[in-house]
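Student: Could you look at this predicted model? Sequence included:
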2 protein chains.
Amino acid sequence: MSDIDRPSKTSTSGSDGERARTRLSMVDVAAHAGVSLGTVSNVLNRPELVAERTQRRVRSSIAALGFVPNAPARQLRGGRSRTVGVVVREIGSPYFSEILPGVESKLAKEQFLLMVCSSDDSPDKEAYYLKTLEEHRVAGILISPAGDDIEHLIELRQRGVGVVLLDRLGVGSQLCSVAVNNVQGGDLAGDHLFSLGHRRIGFLNGPSTVRQCADRREGLHRAARRVGLDPDEAISEITLSVLNAQGGETGLAQLLDDERRPSAIFCINDMVAVGVLRDLEKRGIAAPGEMSVVGYDDVEFAALLSPALTSIRMPKQQLGQAAAELLVTDFRADDDHWHQEIVFQPELIVRASTAPPPAPG
Amino acid sequence: MSDIDRPSKTSTSGSDGERARTRLSMVDVAAHAGVSLGTVSNVLNRPELVAERTQRRVRSSIAALGFVPNAPARQLRGGRSRTVGVVVREIGSPYFSEILPGVESKLAKEQFLLMVCSSDDSPDKEAYYLKTLEEHRVAGILISPAGDDIEHLIELRQRGVGVVLLDRLGVGSQLCSVAVNNVQGGDLAGDHLFSLGHRRIGFLNGPSTVRQCADRREGLHRAARRVGLDPDEAISEITLSVLNAQGGETGLAQLLDDERRPSAIFCINDMVAVGVLRDLEKRGIAAPGEMSVVGYDDVEFAALLSPALTSIRMPKQQLGQAAAELLVTDFRADDDHWHQEIVFQPELIVRASTAPPPAPG
DNA sequence: AAGAGGAATTGAAACATTTCAATGCCCGCA
DNA sequence: TGCGGGCATTGAAATGTTTCAATTCCTCTT
């Protein structure tokens, strides 16, 4: 037994300020097992090259010493990395929290670790995270971009980082992407409301620098024009800076102050709709009697609101999974790789929060 | 059905299989700028040691070449790491998605990258993730443990990894922890229902190997005993394997089949309660008229369910933030560091889903 | 004119791995 | 007895940083 007395301070009974100074390395394992460094590495990475007997010896040394491999060193020499970055726009939103499980389950199977970043819709924070992820040499990045410009993502990919866009089409098929047709989503919502007879619609939108927001507006306008309305007349749009319940309440206040109050509101996501519903109730305005409300995303609890929320459903689980799969193929791809654009179609889910407008009077 | 415009496989015109083979290193930058390797490092890490003029030269070389530092190499040599692991029990649950923002915002400020892992309540998966995180030499780990045994976490900390328990007390103050008093939470729920006059309560609990579940049960039993009831008589507990809406529906079915149907149901979390409410409505059972329902966590939409859900509120934002702060001090701690246990008290939020039981008859 | 003091820069070691050419060893076969 | 051929193992180079002692080059003092 060639035991090694490392310079590791053994902990004193009481206080525990002690930390192992220098971790064990494969050299220590090799010494303990009486083999060379290379053999230890082989046991770990290409066991088929090592004799049974030797393997057992090495493995038991690893266990005895409590050796833990050093992933950064491994990555430095080996080049490859088992981490991927996921950059979402708002980590706390139910939308992303319904997408993440699909991503996680797929990538966990492939033995990848997820670095989750929240850009909070700030291009600066996004840029910072992208830089940091690149420094960490992640194998790939799954991103729902904050700004409209994705040039920097294309460059990123050219530098060897796998990139898959979430919720956004890769222009000119330069990048893989998984998205839901947002124009169609806006159209569905608008079509539903106009068919019910509404002629003036409030639209609580996010900043139109965010592509999803711009697309949904386009769909909404398209629906308006189809029934012969002038979008600029029929739709009063309010740009929210925060896309949550709080934002919904703020937006509603503005719409109600409008000289020509709308009879229906289309909200950019379900959380905003939650704020609107909550505030309508507080103000004693009946929904959908006096005011119809449509949400977006159809998050899990939309069906359980009071009134149950009409919303645009996104196939979130599939979205996450498809994105993760694409990412894996993206950086597996050595040579023959086509950029894929997977587009899911959204679906209108009609519930109790929408009805025809009150009789004109 | 949401259709998928499947593999719209647009091929790339020019082969872009090209990837940078070998990344640039600081050596290249040094050569380009006509200085030594050490100087480049100094520019990056201790600029105060480098003359203005030289700094400018080096920085412009970095920009010109598009050099991106290699974090793994940096970590290998420097020892320190700017990553922390967050191991939650279910990444998709609204509970965690309301806690994560607090964690993220605090740690982003400290320039840490988050590796988010979902144990899915499986001790095996948890163990796998912990091993991987340790290999990656994360500075610390924030964890809501899946199993009851936390011995392995104490060992982890002794090996130099910062550990903070989320939602769980660190036994004998061996570990820092941030938690909510779950016994108290169970007590509050039980007390509320018994005070309303209920005498038989269904309890849709998670596996009692999960500490939170065991604690809440204890609180519930305590409340029962306080009003002179035998817990085993008054409470029919059902153990759910999945703690979401689906689980709630399954559990409800079992409770209704019971020969002695309860008049109220206490759910281990709000998602389970959502399932119960949804299914009660489907079955035409009035809530709270025929069946009262209490949730747990008071997630953001609980107030907007129909009926609005009575629930136990956890200070989630603070929980996340406090945990992140503790984690930072934990691995900053060189010597003088006391293990802290921060315990928040839950709060009963009474809404429309609870009422006295129907008149006996 | 010589030397001290200080700022800026350099060179080399160290970090923990992987990889691969080279070596050693044993066995069977001629 | 000698030799070719596998299999198992080894040794050393390479990966991209940080750190720190050593060196160079100034300027200021005496």
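Tutor: Structure received. Numbers count the residues shown, from 1 in each chain, chains lettered A, B, ... in the order given.

Student: Which neighbouring elements make contact with the helix or strand containing A:Asp232?
Tutor: Assigned by DSSP states H and E, A:Asp232 falls within helix A:231-234. In terms of contacts (3 or more Cβ pairs under 8 Å, 6 or more residues apart in numbering or on different chains; DSSP states H and E), helix A:231-234 is packed against helix A:211-226. Just so you know, the C-beta spots here come from the backbone N, C-alpha and C atoms, and that holds for glycine as well.

Student: Buried ones in the helix it packs on, by neighbour count?
Tutor: A:211-224 (16 or more other Cβ atoms under 10 Å in any protein chain shown).

Student: quick revisit: from the chain's centre, how far out does the helix holding A:Asp232 sit?
Tutor: With Cα atoms, centre = their mean, to the nearest Å as the basis, helix A:231-234 stands 33 Å off its chain's centre.

Student: ditto for stretch A:234-253
Tutor: 23 Å.

Student: can you check stretch A:177-191 too?
Tutor: 18 Å.

Student: and it, average pLDDT?
Tutor: Here stretch A:177-191 scores 96 as its mean pLDDT.

Student: Could you check it and say which residues are buried?
Tutor: For stretch A:177-191, the neighbour count (16+ other Cβ under 10 Å) marks A:177-191 as buried.

Student: Could you do stretch A:108-115 as well?
Tutor: A:108, A:112-115.

Student: So which of the residues you listed belong to strands?
Tutor: Of the buried residues of stretch A:108-115, the ones assigned to strands by DSSP state E are A:113-115.

Student: Show me which of these is closest to DNA strand D.
Tutor: Distance to DNA strand D, by Cβ to the nearest atom of the strand, is smallest for A:Met115 among these, at 18.7 Å.

Student: I am assuming that closest one contacts B:Leu107, so please confirm or correct that.
Tutor: No - between A:Met115 and B:Leu107 there is no contact under Cβ atoms under 8 Å: 11.7 Å.

Student: any common contacting residues for those two?
Tutor: Common contacts of A:Met115 and B:Leu107 (Cβ atoms under 8 Å, 6 or more residues apart in numbering or on different chains): B:Leu114.

Student: Now for A:Ala355, how many residues are close by?
Tutor: 20 (other Cβ atoms under 10 Å in any protein chain shown).

Student: now swap in A:Gly320 and tell me
Tutor: 26.

Student: Need the three-state assignment for the closest residue to DNA strand C within the stretch 151-300 of chain A.
Tutor: Across the stretch 151-300 of chain A, the shortest distance to DNA strand C (Cβ to the nearest atom of the strand) belongs to A:Gly160, at 16.7 Å. Classification of A:Gly160 using DSSP: H, G, I helix; E, B strand; the rest coil returns coil.

Student: separation between it and A:Gly79?
Tutor: A:Gly160 sits 10 Å away from A:Gly79, going by Cβ to Cβ, to the nearest Å.

Student: With neighbour numbers in mind, choose between the two.
Tutor: A:Gly160 (16 against 11).

Student: ok, which stretches of chain A are strands?
Tutor: Using DSSP E, strands in chain A cover A:83-88, A:113-118, A:140-143, A:162-166, A:176-180, A:201-205, A:235-239, A:264-267, A:292-294, A:311-313, A:341-344, A:347-349.

Student: Could you tell me how many residues sit around A:Pro307?
Tutor: Close neighbours of A:Pro307, defined as other Cβ under 10 Å, add up to 21.

Student: hmm, I was thinking of A:Val210
Tutor: Neighbour count for A:Val210, taken as other Cβ under 10 Å: 22.

Student: try A:Leu229
Tutor: Applying other Cβ under 10 Å, we find 18 residues neighbouring A:Leu229.

Student: A:Ala51 too?
Tutor: Neighbourhood size, A:Ala51 [other Cβ under 10 Å]: 9.

Student: With A:Asp230 instead?
Tutor: 10.

Student: so it sits right up against A:Arg200, yeah?
Tutor: No - the pair A:Asp230 / A:Arg200 is not scored as a contact, 11.3 Å apart, by Cβ under 8 Å.

Student: I'd like to know how far the residue of the stretch 151-300 of chain A closest to DNA strand C sits from DNA strand D.
Tutor: From A:Gly160 across to DNA strand D, the span is 12 Å (Cβ to the nearest atom of the strand, to the nearest Å).

Student: where does that residue fall, phi/psi-wise?
Tutor: phi 100, psi 10 (degrees, to the nearest 10).

Student: That one and chain B, how far apart?
Tutor: Distance, A:Gly160 to chain B, by Cβ to the nearest Cβ, to the nearest Å: 4 Å.

Student: Could you tell me how far that residue is located from A:Cys267?
Tutor: In terms of Cβ to Cβ, A:Gly160 sits 40 Å off from A:Cys267.

Student: how about the residues of chain A near DNA strand C?
Tutor: Counting by Cβ under 7 Å from any atom of the strand, chain A comes close to DNA strand C at A:22-23, A:25-27, A:37-38, A:41-42, A:44-46, A:67-70, A:73-74, A:76-78.

Student: Buried ones among those?
Tutor: A:23, A:26, A:41-42, A:44, A:67-70, A:73-74, A:76.

Student: ok, and of the residues of chain A next to DNA strand C, which contact chain B?
Tutor: By Cβ under 8 Å from any Cβ of the partner chain, the members of those lying near chain B are A:23, A:68-70, A:73, A:76.

Student: from the residues you listed, which is closest to DNA strand D?
Tutor: Nearest to DNA strand D, judged by Cβ to the nearest atom of the strand, of those is A:Leu76 at 4.4 Å.

Student: How about the contacts made by that closest one?
Tutor: Contacts for A:Leu76 (Cβ under 8 Å, 6+ apart) come out as B:70, B:72-73, B:76.

Student: Show residues contacting stretch A:124-131.
Tutor: Contacts for stretch A:124-131 (Cβ under 8 Å, 6+ apart): A:85, A:87, A:117-119, A:141, A:143, A:145-147, A:152-153, A:156, B:68, B:108.

Student: what about the nearest residue to A:Ser97 once chain neighbours are set aside, how many residues close to it?
Tutor: Nearest residue to A:Ser97 in three dimensions, chain neighbours excluded: B:Ser97, at 3.5 Å (Cβ to Cβ, 6 or more residues apart in numbering or on different chains). By other Cβ under 10 Å, 25 other residues sit near B:Ser97.
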